[in-house]
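return a 3D structure for these sequence lines:
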Amino acid sequence: MAFPAPALTLPGQLKSPASSSAAPMFLPSSCRSNRSQGRNKCKRRNNFKVRVSMAPEEDAIEAPPLSQVIFGGEKQLSGPEKVFESLSAPARYGACAVIVAGALAAGYAVGVTTKGTRTAAFGGALALGVAGGATAYALNSTAPRIAAVTLHNKVVKCGDPTSLNSEDIDSLLHKYGVSKQDEAFNAELCNLYERYVSSIIPSGNEDLKGDEAESIIKFKKALGIDDPDAAAVHIEIGRHIFRQRLETGDRDAAIEERRAFQKLVYVSSLVFGDASKFLLPWKRVFKVTDAQVEVAIRDNAQRLFQSRLSSLGKDVDERKLMDLREAQLKLKLPDEAAADMFRDYTRKQIEEDISSALKVMKSQGRVRGSAIKVKEELDKLLAYNQALTDLRNNADKEKLPPGIGSVSVLGGEYDSDRKIDELRQLYRAYVTEAFSSGRLEDDKVAALNQLKNIFSLGNRETEQIMLEITTKVYRRRLSQVVGGGDLEAAPSKAVLLQNLCDELRFDPQKASEVHEDIYRQKLQQCVADGNLSKEDVAALLRLRVLLCIPQKTVDTAHADICGRLFQKVVDEAISAGVDGYDSEMKAKVQKAAQGLRLTKEAAMAIASKAVRSVFVNYVKRARTAESRTESARELKKMIIFNNLVVTQLLADIKGESPIVSPEPAKEEPKQEEEDEDEDEWESLQTWRKTKPNKELEDKLGAEAQSEITLKDDLSLRDRTDLYRTYLLYCISGETTGLPFGTQIVTRKDNREYLRLGQLGGILGLTPKEVVDVHRSLAEQAFRQQAQVILADGQLSKARIEQLNELQKQVGLPSESAQKVIKSITSTRISGAIEAAVSQGKMTIGQIRELREANVDLDNMITKQVRENLFKKIIDEIFSSGTGDFNEEEVNEKIPVDLGIDVSKAKKIVQDLAKERLSNSLVQAVALLRQRNLSGVVSSLNNLLACDKAVPAEPLSWSVQEEVSDLFSIYLKNNPSEEKIARLQYLLGINDSTALSLKESVKAGAFTLGVEEEEFIF
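Residues are numbered from 1 along each chain as shown. Next up, the predicted model:
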């Protein structure tokens, strides 16, 4: 059936899957056979997504029904099919029976007529009966096709496919006595379903409307098609779209086909629900990933959800939001994606309000009342945000779309550094309007907090804006209460000011800062002419009382503002230098000090800072000078500057005259109580010279100031180094270099010592610190000369007289001189003792003599050296050959003399005795074999000495004859009985053998085989 072309608008075209040359894989066999039979017809039929356009009335042509556009025209039946179309299944079966019966009867009649026999009659009946049966079967087999054609024509005639219901299909099946499983009928069902699905899914870039899945489900239920067959249809449609995408050469067309495929995937997932995972094998058939399938479902769901969001508007309707939640669940959109989309939507809504407010603010910035309009626009925004917040807090969250709640500009148009300034301006405008009533209400505070969160402003910047606006409002209100006399008339000014801060929610500390700023402004106006009159002082006092300004704040303000003016005068006076500080400059300083009404402490602090900076510059130049003389000259300039400028400056600031030296007749008696350290070191000539005498005081005429010092600017070491430098200059004077590296003194003035004392005051040195410098320098000079005199460490009468004379020259006290002398002699003696110990020349007797001479051996000789000396003394006792050992002397007296621990000394003795015991026996045998009889006696005595230190067990020797010879030789020396008995025990000789040996020696019968020389030990 053809349709007039002007009646249709075809935005997109999708070929029917029936045009494919290959049979669909997933369609039932009945669908595939029907497609094979009707291939030519399908090729002539295109499946369109149709929009009916309304032409003008004069040119309008009636459009065909939608069902005809989707499913094509009606199908025609053949003549016999038309006959059977009107028959029901029982009637059709009866007609078939009649045909078979008539054929049998006719055959029987023909057989009888022709042959006249019964057999021929039965043969004819059988032949015609078979033919009649075949005819009846052929006619009856057309029932599924007739049912399919009737179903097709019925769907075409219904106009709206969604109006079809399952009862119509069931009645049709009952009428023709066919089943849905019949191949022809099932193929027609699949064909109708395929056409409907292909037509309802938009092609190209056209978006889904959202009702496609419901329409398909309804039509599928009406047809009664099974899910596997329907899924096969969806797969076949996907094959066709996928094939077109691969065959197209146009990139844009390929993108449109991909979009169509994604829409098919999404709609199919909605149609089959969870069963789509196994009914629709997209991944296996089309080689796509699960992620691609999820993207197709998510993107289409987002587009549909976005269209639902667009219909909401700015009205926060709970019913609409619940419907939106239901739509989200139906569309299978994840909560996370839905929440992001909902937040984007609400953000765009508030961005519209923000844009409107900015437009008003920019276009009417100079027009009166523009702030009110800006506030109204922002109030709409706040109302929208509050409504969403209330729903989140009060309603059931499960019934509302995710993401509902307070809104923010984060992630949107105004989330940038360029736009944030505009948001700050809007916030500032809203804060300004919030104070329009002169106070800040609770609802305005809540609104400002919401606006801060919506604009995503930080606490610091909002607090800064709030502080600026509140300060301006507070100043305005304060001006009103002061100008109107309310503050002055108030019984408690502090209470009134506190109430004002409470109304504005203004920090009292910030209010105090405002008060201070007002006072400073007033003070600056008063001192504009460089002087504070009585009227100015009274006005400032009144302002201070009204604003409850503390005295400390007032003093700080005066010190700052008046101090800056005074500092300019002080800097000018200091920069004038020694020659420029004349009477005019003095008058200027006095006027500034008195007219600005600074406290003496504040004025002195300002002057101290300026003067100390000049002193520091002098010190820097002194440190970088090339020589000590140049350094001293810079320090002298500083001293002169202090005497002539700084002293006079401080006197002018205080309103006093410089301190003049008293007349000789009016000289006050010296203080009876002086510092003990000063009395002790009064003999130092350099220290004594720093104190001026009466004649010098008369010449100088004034005493230098010592209030401003460098004590806090320089470390003690730096200050003492500077003082020492000038002290050396005072001692040596100015020198001039001559050829061959020699120098001569060109100038030396004792008045430099007076300047040295003044330098100590400038450097802030205490008398003790000054004395320490003089003492160290005197000790250094005395030590250098004494080391030359005591080069060998020996003291004689002549040398002592020489040292005493040197002591008087440098003025060093006797006690200090003796310490230096003792340290030198001790060092020399210590070196001599160390050398004697290392060379083995030091004996215990010499040690005791040194102890008696009060020589500190413990400090002169190290502990290790003393222990080594002790070991050497013990070793000499054990090798002396006398056999004597005084236990008290060795274990107690000698360790005490050497300053060694007694227990440790005893252990040393025992260890050495054990070691020497066995060695003495071996040595005695060796000397016996050498026929050294005196050496044998000495070794045996050493053996006995070791035994006295550590009593030993009898010793063993393999050659008994040698043991007997040792004992016999020792007997010939006539030792004491005690030694003989102890030696007998140590050598392991029994009494009988010992008696025999004694008798032999006594009889003179003992010989070594060679007549030895007689000897007497």
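
residues in contact with K263?
K263 makes contact with I201, P202, L208, A296, N300 under the criterion Cβ atoms under 8 Å, 6 or more residues apart in numbering. The way it works is simple: take the backbone N, C-alpha and C, and place the C-beta from them, glycine included.

can you put those in JSON lines and add pLDDT, secondary structure and distance to S512?
Listed next are these as JSON lines, based on pLDDT from 0 to 100; DSSP: H, G, I helix; E, B strand; the rest coil; distance: Cβ to Cβ, whole Å:
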{"residue": "I201", "pLDDT": "83", "secondary structure": "coil", "distance to S512": "74"}
{"residue": "P202", "pLDDT": "84", "secondary structure": "coil", "distance to S512": "71"}
{"residue": "L208", "pLDDT": "85", "secondary structure": "coil", "distance to S512": "67"}
{"residue": "A296", "pLDDT": "85", "secondary structure": "helix", "distance to S512": "67"}
{"residue": "N300", "pLDDT": "86", "secondary structure": "helix", "distance to S512": "65"}
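
closest to E236 out of those?
Nearest to E236 among these is I201, at 13.4 Å by Cβ to Cβ.

pretty sure that closest one sits against A260.
Yes: I201 is within contact range of A260, at 7.0 Å (criterion: Cβ atoms under 8 Å).

mutual contacts of these two, please.
In contact with both I201 and A260: no residue, using Cβ under 8 Å, 6+ apart.

the more surrounded of those two?
A260 (27 against 24; other Cβ atoms under 10 Å).

domain ranges for the chain?
65-178, 181-306, 312-457, 860-1003 (the TED database).

so how many other residues sit close to I873?
17.

could I get the contacts of K263 as CSV with distance to E889?
Formatted as CSV, those follow (distance: Cβ to Cβ, whole Å):
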residue, distance to E889
I201, 125
P202, 125
L208, 121
A296, 113
N300, 115
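
how about L496: what's its closest non-neighbour residue?
Excluding the flanking residues, the one nearest L496 by Cβ to Cβ, 6 or more residues apart in numbering is A490, at 4.4 Å.

compute the number of surrounding residues for V611.
What V611 shows, counting by other Cβ under 10 Å, is a neighbour count of 25.

next one: it from A573, what distance?
10 Å (Cβ to Cβ, to the nearest Å).

find residues that contact each of the two.
What both V611 and A573 touch, as defined by Cβ under 8 Å, 6+ apart, is the set L649.

that older thread, winner for burial among the domains of the chain?
Mean neighbour count, computed with mean count of other Cβ atoms under 10 Å, is highest for domain 181-306 among the domains of the chain, reaching a mean of 19.

how far out from the middle of the chain is that one?
54 Å (Cα atoms, centre = their mean, to the nearest Å).

end-to-end on that domain?
42 Å (Cα to Cα, to the nearest Å).

same check, this time on stretch 969-976
Distance between the two ends of stretch 969-976: 14 Å, counting by Cα to Cα.

again, but for stretch 192-208
One end of stretch 192-208 sits 21 Å from the other (Cα to Cα).

what does stretch 448-461 give?
End-to-end span of stretch 448-461 (Cα to Cα): 13 Å.

quick one: contacts of it?
350, 378, 381-382, 385-386, 406-410, 414-415, 420, 423-424, 426-427, 430-431, 434, 462, 466.

at 7 Å what do you get?
With contact meaning Cβ atoms under 7 Å, 6 or more residues apart in numbering, stretch 448-461 is reached by 350, 378, 381-382, 385, 406-410, 423-424, 427, 430-431, 434, 462.

what average pLDDT does that stretch get?
In this model, stretch 448-461 has an average pLDDT of 89.

cool, and stretch 70-87?
Per-residue pLDDT over stretch 70-87 has a mean of 62.

what's the answer for stretch 506-523, then?
For stretch 506-523, mean pLDDT is 90.

residues making contact with it?
Contacts for stretch 506-523 (Cβ under 7 Å, 6+ apart): 467, 470-471, 474-475, 497-498, 501, 540, 543-544, 547, 549, 553, 557-558, 561.

list only those of these flagged as buried.
Buried members of those, counted by 16 or more other Cβ atoms under 10 Å: 470-471, 474, 497, 501, 540, 543-544, 547, 549, 553, 557-558, 561.

may I ask which two of those are separated the most?
Checked with Cβ to Cβ, those reach their widest spread between T470 and H558, with 28.1 Å between them.

list the contacts of K906.
So K906 contacts N891 (Cβ under 7 Å, 6+ apart).

all strands for the stretch 851-1000 of the chain, in order.
Assigned by DSSP state E, counting those that start in this stretch, the stretch 851-1000 of the chain shows no strands.

where in the protein is the helix or strand with the lowest mean pLDDT?
Lowest by mean pLDDT, DSSP states H and E among the helices and strands of the chain is strand 8-14, with a mean of 32.

where does pLDDT dip in the stretch 251-400 of the chain?
Scanning the stretch 251-400 of the chain for pLDDT under 70 picks out the ranges 364-369.

what are the ranges of the helices in it?
Under the criterion DSSP state H, counting those that start in this stretch, the stretch 251-400 of the chain contains helices at 251-272, 276-279, 282-286, 290-310, 318-330, 335-363, 370-394.

where along this structure do the strands fall?
Here the chain has its strands, by DSSP state E, at 8-14, 47-52, 734-737, 743-747.

pLDDT averaged over the second one - what is it?
It stands for strand 47-52. Strand 47-52 comes out at a mean pLDDT of 39.

do the same with the shortest one
Confidence for strand 734-737, expressed as mean pLDDT, is 61.

separation between A603 and R259?
Distance, A603 to R259, by Cβ to Cβ: 87 Å.

dump the domains of the chain to JSON lines, plus distance to L714.
JSON lines is the format used below for the domains of the chain (distance: least, Cβ to Cβ, whole Å):
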{"stretch": "domain 65-178", "distance to L714": "102"}
{"stretch": "domain 181-306", "distance to L714": "76"}
{"stretch": "domain 312-457", "distance to L714": "50"}
{"stretch": "domain 860-1003", "distance to L714": "40"}
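
right, and the ones you listed - which one's nearest K586?
With Cβ to Cβ as the criterion, K586 lies closest to domain 312-457 of the domains of the chain, at 54.7 Å.

ok now the closest one, how far from the chain's centre?
Worked out by Cα atoms, centre = their mean, domain 312-457 lies 34 Å from the chain centre.
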